[in-house]
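Enquirer: Sequence and computational prediction follow.
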Amino acid sequence: MNDINLSQNIFGLEFKNPVMAASGTFGNGGEFSEFYDVARLGGFVTKAVTPEPRTGNPPPRIIETPSGMLNSIGLQNEGLDSFISKVIPRISGLDTVVMVNVAGSTVNDYRTVCARLDSFCEISAYEINISCPNVKKGGIAFGSFPESAFDLIKELRKETQKPLIVKLSPAVTDITEIARAVESAGADGVSLINTIPGMAINVDTRRPMLANVTGGLSGPAIRPVAVRMVYQTAKSVSIPVIGMGGIFSARDALEFIIAGASLVQTGCGMFVKPGLPLEVIAGIREYLIRYGYHSLNEITGSLRIMED
Amino acid sequence: MNDINLSQNIFGLEFKNPVMAASGTFGNGGEFSEFYDVARLGGFVTKAVTPEPRTGNPPPRIIETPSGMLNSIGLQNEGLDSFISKVIPRISGLDTVVMVNVAGSTVNDYRTVCARLDSFCEISAYEINISCPNVKKGGIAFGSFPESAFDLIKELRKETQKPLIVKLSPAVTDITEIARAVESAGADGVSLINTIPGMAINVDTRRPMLANVTGGLSGPAIRPVAVRMVYQTAKSVSIPVIGMGGIFSARDALEFIIAGASLVQTGCGMFVKPGLPLEVIAGIREYLIRYGYHSLNEITGSLRIMED
Amino acid sequence: MHEYEAGIIRTERRTQTGCIIELECGEIALKAAPGQFVQIRIGKGTNPFLRRTFSICGTFPENGMIRLMIDAVGLGTEILCSLKRGDRVNLVGPLGKGFDPNLGGNGTAVLVAGGIGAAPLLFLAETILLSGKSPVTFLMGGKTKNHLSIIEGLVGEDVMVMEATDDGSRGYHGMVTTLLDEQIRKLSPRSLFVCGPNPMMKAAAEIARSAGVPCQVSLEERMACGIGACLGCAVRMNDGSMVRSCVDGPVFNADEVAW
Amino acid sequence: MHEYEAGIIRTERRTQTGCIIELECGEIALKAAPGQFVQIRIGKGTNPFLRRTFSICGTFPENGMIRLMIDAVGLGTEILCSLKRGDRVNLVGPLGKGFDPNLGGNGTAVLVAGGIGAAPLLFLAETILLSGKSPVTFLMGGKTKNHLSIIEGLVGEDVMVMEATDDGSRGYHGMVTTLLDEQIRKLSPRSLFVCGPNPMMKAAAEIARSAGVPCQVSLEERMACGIGACLGCAVRMNDGSMVRSCVDGPVFNADEVAW
Ligand SMILES: Cc1cc2nc3c(=O)[nH]c(=O)nc-3n(C[C@H](O)[C@H](O)[C@H](O)COP(=O)(O)OP(=O)(O)OC[C@H]3O[C@@H](n4cnc5c(N)ncnc54)[C@H](O)[C@@H]3O)c2cc1C
Ligand SMILES: Cc1cc2nc3c(=O)[nH]c(=O)nc-3n(C[C@H](O)[C@H](O)[C@H](O)COP(=O)(O)OP(=O)(O)OC[C@H]3O[C@@H](n4cnc5c(N)ncnc54)[C@H](O)[C@@H]3O)c2cc1C
Ligand SMILES: Cc1cc2nc3c(=O)[nH]c(=O)nc-3n(C[C@H](O)[C@H](O)[C@H](O)COP(=O)(O)O)c2cc1C
Ligand SMILES: Cc1cc2nc3c(=O)[nH]c(=O)nc-3n(C[C@H](O)[C@H](O)[C@H](O)COP(=O)(O)O)c2cc1C
Ligand code: FES
Ligand code: FES
């Protein structure tokens, strides 16, 4: 078992295994440390950070849907200052890759966060969130069109040497177009998918289930959409792809890897199975052993398609 | 109970109730008549008809996914001649609204089907399928951009007096833009959503689960996405909206109606509950009684939103 | 807090939809405080998906057992209530911040329950009684007398119980909060502890405020992670802040909540 | 074909993953023919979502009972195999086109089963025997001798059984199709009836073709509606046409299938 290599070297970073925890579903790492040492993960992404503190959307903010859930958290976070003074000291010394999920309403917001955090070596990379469906300004607006996505990343590229991973929205006609745009703007990678905008209605009150009316759909329900987008995107760009959306077992994660993802992230599945990332890591290892592989790269993007 | 009015008068047609069976999930009506009299439905939509016979995509064509399924049937149908000689005689005399789902690779294909069927009074309306994700040409290509959708509907509008309902794809950045485009081209209504492109992978064989690689996701998994799109579209056009996507109970159907759908369609939910349309009709009736309404119009589009 | 596979020791249907489930879980039985909750995974599939949240209704550390009281209101709770002795469920707990049993110092603690909201208050009543220093009055509200039977035999003998039903079929005819309003002066409680539907808790909070009695409520906000990681269970406080019901609550001082 | 709520009369675990479920369903028991199947809904949620497809393994019209034989290979079949007497399941059936028991006229009918593929063939064997005119030979293949025990006691006394295991732990050491190949001349069957994994059926079909013996196979194509409405279960025939496995099959003449 010792000759199985689960590590990934991408973005100039060393991931001890390909499994990260997704932004917004893992707090800033602390909560899950009651279950296990989070340094066993390949890495994790923080909750979105904006320059100013935000209280987010009014409650109710979540509702279960078939094999998934809607959320409309709305980028609630304590802001950049508090992130620097409270969160960074807590993650410093953690032996795993920490990426900061960067969000904002304007280009300047994103720029501010990247610039201010740039000197902190605790932060290995930025995941630029241009896909949050739950805010009125910014977020998904940047991610809906190749031009706006390109312009934003072009600006941020000037600001930082840290790897820029761009988190893409699935709510577009052609996700590969956005991926190519951010690649040409200098992004080091793309991560996908963020949630799909959705809504649910309480038919008795005739009101939306979420105070924000719409929210983002996540969970196993969206996995087929996510796998398809990862497959198409991985074929269409040459920067690494981080795959996520509905991972609930090692086999689910393997679908993303075989489709072309270099890393995967587990999200709301961890609400149900707190130990999901560890289950996925162990399952990937077993899979490699069972089929006689020695490293992850042998199966990344190895989907077998009949030629037509 | 007799003073409850479930009927809908739209497109110049009388629907005895707002529940139809969706294209491709109900054969051409015959199969389900072993369970009940299909004339009890508000109507149904035929399997897609193309000018020429098509054998569709190679098997396997379906796979279950969490709370849903992928299909890649690929418009298998016996073609226009056979439809006219075999199907029309069977549906003639059925006391319910029959719409033909029209598909093709070129504008001419669509035009041919509409023109040839125009003289048949058995056909009440056309549902123009510009959203099939499972064919290489046509289908979703027409539905992905407002311009191509507009051009197609503009052409068909010249061809027929029958109501033109345009079936929209959810795989677009802004579905309301496509809806407005077809409205201005002369469409009488829009129906949404068609399936969301997706894929699943057999990790043991490292092959796609579907021979066609990708397929269309349907079922309860996609309902939140469908309800959101129906809500946004109904606010954005003034022609009637037919809502569908993951309806599995009367309450699900009521979500669509409250969001603004004038009619609903049940699709793959009928594979699990063959009697689903009847369950939905009965449930809507009960709902109206329980809350003291007399007709469907009192609740259509009645979502209560706090003003902000 | 940990994840456990707990065996079901006993289930009992008590009302048309209400049941009691007793689970083997020694660690939670030892650690749990009244007002804390557990999150239970239903089945092995993804529908139901999220864990379901239940207050701990009682602990029996000597048997390594905890008791839950569950109202079958939807798919998840129906499946739970149909489980049998020997079945196993996956649960996480104990979670959240519970009641402060000493709230308000000396005097009678008045517990006000609406329906299944009785669950955490039964545990609280037991705890206060065991501490020996304070009498407990338990106001129990329900739709009909059948609904009240969910707590039958579960309230300690020393507890004074007052009942209210919406249809008047037992006890006071009216809402339990109206009963509270009428009785609060006579009861002159040191503190109120309330659990039930949100409108009922809001009403109770208002009564407590007018009477100047410290009051804690256990809010029923929908939860996803249950451990503070997702911000899904946010509740607005009077100071404008958003707090997490799952870790900062579910029990809050009533006067801090922005009702 | 109809929809039924059927009570479970008896379940029996026969191998590590294989079980037998006997259901109360008088109408299906009366109407079903060998090779036909039922579709069962699992639970009340949407995961599992689609119905699961099972061949009818036997009918007992006098008790209004049908028998299924189920291998627990995934979530749906695991849930089914864990059901108990008294539980109810929703099923639709009988569905599909079954075997032609008279295929090939007079002589011995040879039935070739791979694992759980035995299910429809047990029903067919029973039917042919009851008709009284034709001897039956049953070739049963499995991974190990434990896997063979799924059919123990379910084959009529007059049936000649030949066994094959991949590991040689019982009967012939090798694949059941290799055994068939070796024996087909000696057996000189009037017809072959085959059910098992698709590669095994393909091999059997080839053997039948070479030997000039009529052969029917029961294909295992994934199904959605099960009643011919969705075209999801398409199978390509040699003439280039696409047919529906659920209504035009699942039993096909082997020489018509485009393998
Ligand atoms: C802190 C807390 C303690 C609770 N204690 C108890 C208890 O002791 N006994 C009891 O019977 N119930 C209790 N509830 C309510 C219980 O969690 C819900 O009734 C249950 O989750 C419903 O699940 P379902 O699948 O049957 O219903 P569904 O309506 O199908 O559930 C759909 C989704 O909404 C959520 N949900 C539905 N109703 C509620 C609700 N009232 N509160 C929170 N989430 C809800 C579910 O968890 C699920 O995610 C408590 C809730 C909270 C927040
Ligand atoms: C005509 C026919 C007759 C069958 N008869 C029997 C029988 O008598 N006994 C028995 O144990 N099994 C039989 N099967 C196979 C059985 O349908 C599958 O094993 C079962 O559906 C698996 O469900 P699952 O939820 O456990 O597995 P999962 O793998 O979780 O199922 C996922 C999806 O794939 C489908 N699926 C998975 N495996 C198969 C398969 N081998 N064939 C068709 N669909 C599949 C399921 O129906 C479901 O939609 C038959 C299949 C067909 C088509
Ligand atoms: C409660 C919740 C909060 C989220 N917050 C963020 C966020 O702040 N930034 C972000 O980029 N994505 C956020 N996401 C999206 C997830 O990171 C992930 O992309 C998505 O949920 C799909 O993965 P999953 O199905 O595994 O959850 C959030 C998701 C959930 C469920
Ligand atoms: C097996 C299958 C075949 C379908 N074929 C068609 C089709 O021919 N034309 C079409 O417009 N939509 C087709 N659809 C899409 C459905 O009509 C419907 O839009 C979609 O399935 C969403 O509804 P549902 O979730 O209720 O199934 C098909 C769907 C399924 C599952
Ligand atoms: S439920 Fe996730 S933070 Fe409270
Ligand atoms: S399964 Fe639907 S046509 Fe056969």
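Expert: Received it, and whenever you're ready, just let me know what you need. Ligands and ions are numbered 1, 2, ... in the order given.

Enquirer: Now the residue of the stretch 51-200 of chain C found nearest ligand 4: phi and psi?
Expert: Scanning the stretch 51-200 of chain C for the residue nearest ligand 4 gives residue C:75, at 19.0 Å (criterion: CB to the nearest ligand atom). Every C-beta, even on glycine, is put in place using the N, C-alpha and C of the backbone. With angles defined as degrees, to the nearest 10, residue C:75 sits at phi -60, psi -50.

Enquirer: so it makes contact with residue D:45?
Expert: Yes: the pair residue C:75 / residue D:45 is scored as a contact, 5.9 Å apart, by CB atoms under 8 Å.

Enquirer: shared neighbours, these two?
Expert: C:47, C:48 (CB atoms under 8 Å, 6 or more residues apart in numbering or on different chains).

Enquirer: the more surrounded of the two?
Expert: Neighbours per residue, other CB atoms under 10 Å in any protein chain shown: of residue C:75 and residue D:45, the larger number sits with residue D:45, 22 against 18.

Enquirer: Give me the pLDDT for that one.
Expert: The model reports residue D:45 with a pLDDT of 94.

Enquirer: what about the closest residue in space to it that isn't next to it in sequence, distance to ligand 6?
Expert: In space, and not counting its chain neighbours, residue D:45 is closest to residue C:47: 4.0 Å by CB to CB, 6 or more residues apart in numbering or on different chains. Distance of residue C:47 to ligand 6, given as CB to the nearest ligand atom, to the nearest Å: 22 Å.

Enquirer: tell me the secondary structure for residue C:47?
Expert: Under the three-state scheme (DSSP: H, G, I helix; E, B strand; the rest coil), residue C:47 adopts coil.

Enquirer: which ones are touching it?
Expert: A:66, A:67, B:66, B:67, B:220, C:75, D:45, D:46, D:47 are the contacts of residue C:47 under CB under 8 Å, 6+ apart.

Enquirer: Could you rerun that using 6 Å?
Expert: For residue C:47, the contacting residues are A:66, A:67, B:67, D:45, D:46, D:47, by CB atoms under 6 Å, 6 or more residues apart in numbering or on different chains.

Enquirer: Pull the most distant pair out of these.
Expert: The two members of those with the most space between them (CB to CB) are A:67 and D:45, at 8.9 Å.

Enquirer: count of neighbours near the closest residue to ligand 6 within the stretch 201-308 of chain A?
Expert: Going by CB to the nearest ligand atom, ligand 6 is nearest to residue A:224 of the stretch 201-308 of chain A, at 19.2 Å. The tally of other residues near residue A:224 (other CB under 10 Å) stands at 31.

Enquirer: quick one: the helix or strand hosting it near ligand 2?
Expert: Using DSSP states H and E, residue A:224 falls within helix A:223-236. No: using CB under 6 Å from any ligand atom, helix A:223-236 never reaches ligand 2; the gap is at least 13.1 Å.

Enquirer: Show me what that helix is packed against.
Expert: helix A:175-184, strand A:241-244, helix A:250-259, strand B:196-198 (3 or more CB pairs under 6 Å, 6 or more residues apart in numbering or on different chains; DSSP states H and E).

Enquirer: between that helix and helix B:223-236, how many degrees?
Expert: 80 degrees (axes from the mean of the first three to the mean of the last three CA atoms, to 10 degrees).

Enquirer: Residues contacting helix A:223-236, please?
Expert: In contact with helix A:223-236 (CB under 6 Å, 6+ apart) are residues A:170, A:175-176, A:179, A:192-193, A:241, A:243, A:245-246, A:255-256, A:259-261, A:301, B:65, B:70, B:196-200, B:214, B:217.

Enquirer: relative to helix A:250-259, how tilted is that helix?
Expert: Using the same axes, to 10 degrees, helix A:223-236 lies at 30 degrees relative to helix A:250-259.

Enquirer: quick check, distance from helix A:223-236 to the centre of its chain.
Expert: 14 Å (CA atoms, centre = their mean, to the nearest Å).

Enquirer: and if you look at stretch C:245-259?
Expert: 14 Å.

Enquirer: quick one: average pLDDT of that stretch?
Expert: 96.

Enquirer: now stretch C:188-204
Expert: Stretch C:188-204 comes out at a mean pLDDT of 95.

Enquirer: wait, does it make contact with chain A?
Expert: No: judged by CB under 6 Å from any CB of the partner chain, stretch C:188-204 stays clear of chain A, getting no closer than 10.8 Å.

Enquirer: Give me the residues contacting that stretch.
Expert: By CB under 6 Å, 6+ apart, stretch C:188-204 touches C:99, C:103-105, C:107-114, C:117, C:120-121, C:124, C:177, C:208, C:213-218, C:259.

Enquirer: Stretch C:30-39 too?
Expert: Taking CB under 6 Å, 6+ apart as the rule, stretch C:30-39 contacts C:51, C:53-56, C:59, C:61, C:91-96, C:98-99, C:120, C:123-124, C:127, C:218, C:226, C:251.

Enquirer: what do you get for stretch C:146-153?
Expert: Residues contacting stretch C:146-153 (CB under 6 Å, 6+ apart): C:14, C:15, C:18, C:118, C:140, C:142, C:163, C:170.

Enquirer: can you list these in CSV and add pLDDT and distance to residue B:297?
Expert: Shown next, in CSV, are the contacts of stretch C:146-153 (pLDDT from 0 to 100; distance: CB to CB, whole Å):
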residue, pLDDT, distance to residue B:297
C:14, 92, 44
C:15, 92, 39
C:18, 94, 39
C:118, 96, 43
C:140, 95, 44
C:142, 94, 38
C:163, 94, 45
C:170, 92, 43
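
Enquirer: Those residues in strands, which ones?
Expert: Of the contacts of stretch C:146-153, the ones assigned to strands by DSSP state E are C:18, C:140, C:142, C:163.

Enquirer: Was I right to think the last one contacts residue C:140?
Expert: Yes: look at residue C:163 against residue C:140 with CB atoms under 6 Å: they come within range, at 5.2 Å.

Enquirer: So which of the two has more stuff around it?
Expert: residue C:140 (28 against 18).

Enquirer: close enough to count as contact, that one and residue C:112?
Expert: No: Residue C:140 lies out of contact with residue C:112 (CB under 6 Å); the separation is 8.3 Å.

Enquirer: Of all the residues in stretch A:127-138, which ones are buried?
Expert: By 16 or more other CB atoms under 10 Å in any protein chain shown, the buried positions in stretch A:127-138 come out as A:127, A:128, A:129, A:130, A:131, A:132, A:133, A:134, A:135, A:138.

Enquirer: For these, point out the one with the lowest pLDDT.
Expert: The minimum pLDDT among the buried residues of stretch A:127-138 falls on residue A:138, with 70.
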